[in-house]
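Enquirer: structure of the sequence below:
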Amino acid sequence: MQFRQKALSKLQSPEELDVPVRFARPPGRLVLAVTVVVMAVAGYWALTGTVTSKLSAPGVLTHAEGSYLLQSPISGQVTDVLVEEGRPVSPGAPVLTVRTDQGDRPVRAVAGGRVTTLFARTGQVVTTGADVATVERVTDQDAPLVAVLYLPGESAATVRVGASVDLGVQSAPRDRFGVLRGHVKAVSRIPQTREQIGSFLGDSGLAAQFAQQGNPVAVLISLDRSAATASGYAWSSADGPPHAIDSGTPVTGAVHLSAQRPVDWLLP
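Expert: I've put the predicted structure just below:
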């Protein structure tokens, strides 16, 4: 009680009425000004700013028509391999010759394209249904490559046609050559089974890898072209790798999803 009386007496005393009231010291005013500016910027960004997220998925470079596994319709010993890897083959052209009890018989290409892998070798014994080659369905040898990414089924709805994509290419280290540029061309709304993936890529091993977490959705990526690079495609670096990129090369894609507001405002 005594302390309160002293305080009241001091406030009522006229001896300090001429002392100016100081609301804040100069450092305090600076801190206040900075705080106001930061809050104003944050509020403006919350109202007008956007946040862009990415969705990563594995995939592979290929041609748009895909590939197929050529299987032997007969059993016997391979006596001659008539094609080479990387070479074109015509529809119905003999790929290899197999010696059977009825004599030598050819195994022919189902469709035209380019032989990417030969599994059969001269002297090897093959059984009916054995894989003997992988043939890429290429009608135009100069046709550009595409990338196919395999995303989890629940993520497909977030991907839009035209979205930009950055592709890390296994044969071109990212730290030296950057990423390959592309855009989403098509999104499959139906999940792909392991068998469907294997049928399109002509590679059961890749199909098993892409489908190990369940049936994924295929996303077709068109690659941006550039006449200034050795590969003929646009990269985040100036030149990209000093060599061509091949079909069948594994990639990891980062799809840029639609920009979203950081704050959703609810109005009455």
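
Enquirer: which residue ranges form the helices in the stretch 101-250 of the chain?
Expert: 174-177, 194-201, 204-210 (DSSP state H, counting those that start in this stretch).

Enquirer: out of the ones you listed, nearest to Thr100?
Expert: Closest of the helices of the stretch 101-250 of the chain to Thr100 is helix 204-210, at 25.9 Å (criterion: C-beta to C-beta). The way it works is simple: take the backbone N, C-alpha and C, and place the C-beta from them, glycine included.

Enquirer: list the buried residues of the closest one.
Expert: Leu206, Ala207, Gln209, Phe210 (16 or more other C-beta atoms under 10 Å).

Enquirer: where does this protein dip in pLDDT?
Expert: By pLDDT under 70, the weakly predicted segments of the chain are 1-34, 36-52, 258-268.

Enquirer: which residues of it fall in strands?
Expert: For the chain, the strands defined by DSSP state E cover 54-62, 67-71, 76-81, 88-89, 94-100, 103-108, 113-118, 125-126, 131-136, 146-151, 164-169, 180-187, 217-223, 250-256.

Enquirer: how about a markdown table for the helices of the stretch 101-250 of the chain, with distance to Ala64 added?
Expert: Below are the helices of the stretch 101-250 of the chain laid out as a markdown table (distance: least, C-beta to C-beta, whole Å):
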| stretch | distance to Ala64 |
| --- | --- |
| helix 174-177 | 24 |
| helix 194-201 | 10 |
| helix 204-210 | 17 |
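
Enquirer: so which of those helices gets nearest Val132?
Expert: Using C-beta to C-beta and comparing the helices of the stretch 101-250 of the chain, the one that lies nearest Val132 is helix 204-210, at 13.9 Å.

Enquirer: please compute how far that closest one lies from its chain's middle.
Expert: Centre-to-centre, helix 204-210 and its host chain are 16 Å apart (C-alpha atoms, centre = their mean, to the nearest Å).

Enquirer: what does stretch 198-218 give?
Expert: On C-alpha atoms, centre = their mean, the centre of stretch 198-218 falls 15 Å from the chain's centre.

Enquirer: so for it, first residue to last residue, what's the gap.
Expert: Distance across stretch 198-218, first residue to last, is 12 Å (C-alpha to C-alpha, to the nearest Å).

Enquirer: next: stretch 107-116.
Expert: End to end - C-alpha to C-alpha - stretch 107-116 spans 16 Å.

Enquirer: how close does the residue nearest to Thr62 when sequence neighbours are not counted get to Glu154?
Expert: Once flanking residues are discounted, Thr62 sits nearest to Ser247: 5.2 Å by C-beta to C-beta, 6 or more residues apart in numbering. Ser247 sits 29 Å away from Glu154 when distances are taken as C-beta to C-beta, to the nearest Å.
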